[in-house]
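1. 3D, please:
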Amino acid sequence: MQKATFAAGCFWGVEAAFRQLKGVTSTSVGYTGGHLKNPTYRAVCTGDTGHAEAVEIEYDPSLITYDDLLQAFWETHDPTTLNRQGPDFGTQYRSAIFFHTPEQESAARASKEKLEASGRHRNPVVTEIAPAPAYYRAEEYHQQYFEKQGISHCRF
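-> Here you go, the predicted structure:
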């Protein structure tokens, strides 16, 4: 198994999208990229901790590649809006790829360059690519939130 970590706005919808992919063996939602140890949802929502709402994924690379995960990441959100996805705004909703290996970093940078060159978006891609820092699992009620609520996607 390998690990991947992505931030793409509200973590509920991002987690739900990745959970549907064959080869993803587990997901959790949490907080990463900030300066406070053991942050809570309430603290992260202030925007003062520096954390992003993120999804940590475990996947079987014999069934799904990291490039496949990157493709799903790009399709899950708008990577051109700085610190905003839909109605949610603040640094906690930023677009970010947190890599765990040098190979993931190379793949993430190449994928971003390919997306930028494609002309798919009119505005520049603002996705941050950074080493995976400490990851803090969110409170249990956030885990698999959509499944618990019986909904399939965000409604704006």
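2. who does the worst-scoring helix or strand of the chain on mean pLDDT touch, helix- and strand-wise?
-> Here the helix or strand of the chain ranked lowest by mean pLDDT, DSSP states H and E is helix 145-149, holding a mean of 72. Packed against helix 145-149, as judged by 3 or more Cβ pairs under 8 Å, 6 or more residues apart in numbering; DSSP states H and E, are the following elements: helix 11-19. Glycine gets a C-beta too; all of them are placed from N, C-alpha and C.
3. And the helix or strand that the helix it packs on is followed by, what's buried?
-> Taking DSSP states H and E as the definition, the helix or strand that follows helix 11-19 towards the C-terminus is strand 24-32. Of all the residues in strand 24-32, those buried under the rule 16 or more other Cβ atoms under 10 Å are 24, 27-32.
4. Need the max-distance pair from the residues you listed.
-> Longest distance between any two of the buried residues of strand 24-32 is 20.1 Å, between V24 and Y31; criterion Cβ to Cβ.
5. Return the distance of D78 relative to A107.
-> Between D78 and A107 the computed distance is 21 Å (Cβ to Cβ, to the nearest Å).
6. Hmm, P133 is touching G30, no?
-> No - counting by Cβ atoms under 8 Å, P133 sits too far from G30 to count as a contact (11.5 Å).
7. picking up where we left off before, would JSON lines of the buried residues of strand 24-32 with pLDDT and distance to T5 be doable?
-> Output for the buried residues of strand 24-32, formatted as JSON lines (pLDDT from 0 to 100; distance: Cβ to Cβ, whole Å):
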{"residue": "V24", "pLDDT": "98", "distance to T5": "13"}
{"residue": "T27", "pLDDT": "97", "distance to T5": "10"}
{"residue": "S28", "pLDDT": "97", "distance to T5": "10"}
{"residue": "V29", "pLDDT": "97", "distance to T5": "11"}
{"residue": "G30", "pLDDT": "97", "distance to T5": "9"}
{"residue": "Y31", "pLDDT": "97", "distance to T5": "11"}
{"residue": "T32", "pLDDT": "98", "distance to T5": "6"}
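8. Output the residues you listed in TSV; the columns should cover distance to W74.
-> Written out in TSV, the entries for the buried residues of strand 24-32 read as follows (distance: Cβ to Cβ, whole Å):
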residue	distance to W74
V24	16
T27	18
S28	21
V29	19
G30	21
Y31	22
T32	19
